[in-house]
Structures are given as structure tokens and as C-alpha cells.
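**Q** Pasting the sequence and the predicted coordinates here, then a few questions.
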Amino acid sequence: MTDDTAISLLKQRTIGSSRQVFVRDTDIPPNDPNTTPTSSLYIHIPFCFHKCHYCDFYSIVDRQDRQEAFTDRLICELRAQVSRCELLPIRSIFVGGGTPTLLAPNLWKQLLSELDSLLDLSLIRSGEGEFTVECNPETVTEEIADILAGGGVNRASVGAQSFNPVHLKALERHHDPDNVARALDRLGNAGITRRSVDLIYAIPGQTLEEFDHDLRAALSLPIDHLSAYGLTYEPNTAMTARLRRGEFAPAPEDPEVAMYRHGLSVLRERGFDRYEVSNHSKPGSECRHNLAYWRGDPWLAVGPSASGHMNGWRWKNTPRLDDYLQQSDDGFAPVCDLEPPDARRSLMDRLMTGIRLREGLDASEMLAQAESLGAADRLHSSATYAENAGWLQAADGPRWVLTDEGFLFADRVAGEFIGALIDRG
Ligand code: SF4
């Protein structure tokens, strides 16, 4: 299928006021007959009880009046996607948001039962596969934990962000820090034993000692995985607007780097290995779904704003619940962004995400792909540049792997790789 043909298979339609979105036709991915089989699924649940000020994920404040319509629509989309692509036994499901645990218990039961009937969950049931749900500490009740575990969920990621009420307030994050431990206990009691916690550092006003306290508080909990992200100021968030109004000063760069290094050292002492720039786990407890994503494997995606990747195609569902709830003819969600297969962009994506991993990238595979784009020499030069800067272990080695220092410059290294691939013709 040529790109032009594929694009012509999209119908443009006006939804709501004057927004143009694409409506998926039956001939566009993942419906390509030559589609690559996939074993990963992402589900986006868009409800939150409050919008945290730093967050740029698509979510809306829940009034509980559209959860039912949303679940019906989600199941409809899921059935349409599954009926048109080749699925292997599922290796990973990740339910993100939003706050998935805000979905009403009866709707969770409905969704889990649908997943069970549509998909082969045998690998998940045997523990070989992974089924993760993101949780907010305030919304993990015993009932929800039991329902999730009964439906095959075997991993949970709980958003703690900080254990310091002052810093939670700075983020406009509304939860009681004590509820993180309660949520993890409830999940564990229900049988969900793979548990992760998210932290944010470089919060305005946060000291290294305070971050150390957050880390140790997290490590005192029954977790096998920890993600620690430096606070970023995404466009169109309330936090960025407050920063622009001069309401606070962002953390300077040096303390942020010191926090990253300190976090790494404390986590290593406690047996957590860094397997991606911001992700650390006990051996064997890496998030398999995210690894599949970072390794460029295909995945199916459902829900508003969910992004999928199959057969070289990438698409993003509309990030508006109203539009999402409008039924398209064949059950697919409206797509707001669709990129046909493109060897250059695929290689750029692979370099950008793969270099962030502890395992790095297969150098000869990357160079062979760059060769077909006439960019192998430039890509190799960029790897040599990164090695000379002390960021890459060996440009001529079998794998391109960041040095300890290089993990602080992962974006810079990725930028060098991307620059090497830009078509100068
Ligand atoms: S709970 Fe999570 S998804 Fe919801 S607004 Fe806060 S950070 Fe964003």
C-alpha cells in the first residue's frame, strides 16, 4: 500500500464545532492484511478527580456521568480493533490514564470480562505476561483491588510523586501520602504482588535531603519497581502557566542533577537497577509493557488520546471524550493523528527510545538501517562524537550503551543521532 493510497483511505469528518478528525476506514491499520501480529495492548481511561498542575496526559475531571457511555464505547472500539488485526497470546496490557482506579467497580468488571472473552490471556494468567493498572492512592479500595486481581491484573503502578505534603501541594496533587502504603497493601492482599511507585524530583523548593526522604519512604514499601522523573514543565499545564507568571522559581539544574545521581546511588544500594533513564527495578521486575514500547514492538491502543503502533503505522485517537463518544460507523475511534510507515522516522524513534535503555541499541542493526537511508556514515560519526564526549561506551562496539554520565545526556545523544538522520538531499 503506498502512502498516498493509505491517506486516501481516510475520511475526513467534522466533529463538534469545526474540528476535523480522521475516521478510520476498514482498510487502514491495524487492518492491513500484512499486519505484524501484536501481543501488547494499551487502554486509556481518562477520568481523574482533580487535574494535577504538572500533568499533560489527557484526562478530565470526573463527574461520574459519562463513565458508562465511555466503557460501552471503549468496548466497542476494542472489539473493532481486535476483529481486524492478528493478535498473539497477550504478553502485556497497560491501563493508564487518567486514573483507571476511578472507574466504577461494575464497569471494571464489564471491561475485564470483555478482555477475557476477546483476548488470549493465558500468558497473563500464568504470570509470564504482565497486566498493569495505574492507580491513584486515594482510589484503591479493597473492592477495586479484588476485582482487578480477579480479572488477571498482576502489576500496579501507584502515583506517589512525593511523601511531603508541601511538595504535593506545590504540584497541586491531592492525596494523603499515608494512602500510598494503604493502596499497596490492598493491592498486595488481593494478590497483585508486582508493585511500582512513581516519584517526582526537582519540585520547586525541594532540597536533596527532602528528595532523599521521599526515596527512603518509597523504598520502605513493598515495591519491586520505582520510576523517578525530574519535574518537567509541559506546555499548556497549570504549572507552566504559574511558572510564567513568576509564582515560583524552577529547581536549578545542578541540584536536579545531584538528585538524579543520589537517587541512582540509593536505589542501587537497595538492589534496584536502572534499566531506563528514569526507571529502576529489582532484577526481572522491569515493566515489560514499557520495554516493548521502547524496543519499538507493535502495540494496539484503545481509548481517547491513546497512541498505537502497528506495522510501521502510528496513530493517535482523538484526545476529546465528546468526540470519542461519537460512534463512528465501524466501531473505531476517531483518529486525530496518523503517520504511515516511514523508514527514517521509524529509525529515529528507535534510536530515541532505545538509547535510553540499559541494554542500549544493536549498533550494526542501526547502521544497516541508516545505510538504506544513505546516513550510515553520519550516524556512526554521531556515535563517535558521543563516545568522545564520554556519553557512549563504545561507538565501534556491538551495542551502543550510555555511560553513567551519558544517562544524564540521553536526550543530547538522541539529538545527535536524529541530526545524523535528517535528510539533507
Ligand atoms: S492523577 Fe495522574 S493523570 Fe490525573 S491529573 Fe494527576 S497526574 Fe494527571
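**A** Nice, thanks for sending it over.
**Q** Look at the residue of the stretch 151-300 of the chain found nearest the ligand and give its secondary structure.
**A** Across the stretch 151-300 of the chain, no residue is closer to the ligand than residue 159, which sits at 5.6 Å (C-beta to the nearest ligand atom). Any C-beta I mention is one placed from the backbone N, CA and C, and that applies to glycine too. Look at residue 159: counting by DSSP: H, G, I helix; E, B strand; the rest coil, its state is strand.
**Q** That one contacts residue 133, correct?
**A** No. The pair residue 159 / residue 133 is not scored as a contact, 11.7 Å apart, by C-beta atoms under 8 Å.
**Q** From residue 327, how far off is residue 80?
**A** The spacing between residue 80 and residue 327, counted by C-beta to C-beta, to the nearest Å, is 11 Å.
**Q** more crowded one of those two?
**A** residue 80 (19 against 13; other C-beta atoms under 10 Å).
**Q** and the residue nearest the centre of the chain, what is it in contact with?
**A** Taking C-alpha atoms, centre = their mean, the centroid of the chain lies closest to residue 290, which sits 6.5 Å from it. Taking C-beta atoms under 8 Å, 6 or more residues apart in numbering, we find residue 290 in contact with 94, 276, 279.
**Q** ok, 10 Å please
**A** 40, 92, 94, 130, 132, 157, 227, 275-276, 279, 353, 357 (C-beta atoms under 10 Å, 6 or more residues apart in numbering).
**Q** Also residue 373?
**A** Contacts of residue 373 were listed using C-beta under 10 Å, 6+ apart, and they are 343-344, 347, 379, 420-421, 423.
**Q** Backbone dihedrals for it, please?
**A** phi -100, psi 0 (degrees, to the nearest 10).
**Q** Can you check the pLDDT for it?
**A** Here the pLDDT value assigned to residue 373 is 95.
**Q** how close does it get to residue 105?
**A** Going from residue 373 to residue 105 by C-beta to C-beta gives 51 Å.
**Q** cool, and residue 244?
**A** The gap separating residue 244 from residue 105 is 41 Å, by C-beta to C-beta.
**Q** ok, back up a step: which of residue 159 and residue 133 has more neighbours?
**A** Here residue 159 and residue 133 are compared on neighbour count by other C-beta under 10 Å; more neighbours surround residue 133, at 28 against 23.
**Q** top strand in the protein by residue count?
**A** Using DSSP state E, we find that the single longest strand of the chain is strand 87-97.
**Q** buried set for that one?
**A** Buried residues in strand 87-97, counted by 16 or more other C-beta atoms under 10 Å: 87, 90-97.
**Q** out of those, which one sits closest to the ligand?
**A** residue 97 (5.2 Å).
**Q** what pairs with the closest one across the strands?
**A** Applying DSSP bridges to residue 97 gives these bridge partners: residue 45.
**Q** what sits against it?
**A** Neighbouring residues of residue 97 by C-beta under 10 Å, 6+ apart: 43-48, 57-59, 103, 133-136, 159, 303, 305.
**Q** Kindly report the same for residue 196.
**A** By C-beta under 10 Å, 6+ apart, the contact list for residue 196 reads 132, 134-135, 155-160, 184, 218, 223-227, 279-281, 285, 287.
**Q** Give me the subset of these that lies in helices.
**A** Counting by DSSP state H, the contacts of residue 196 place 184, 218 in helices.
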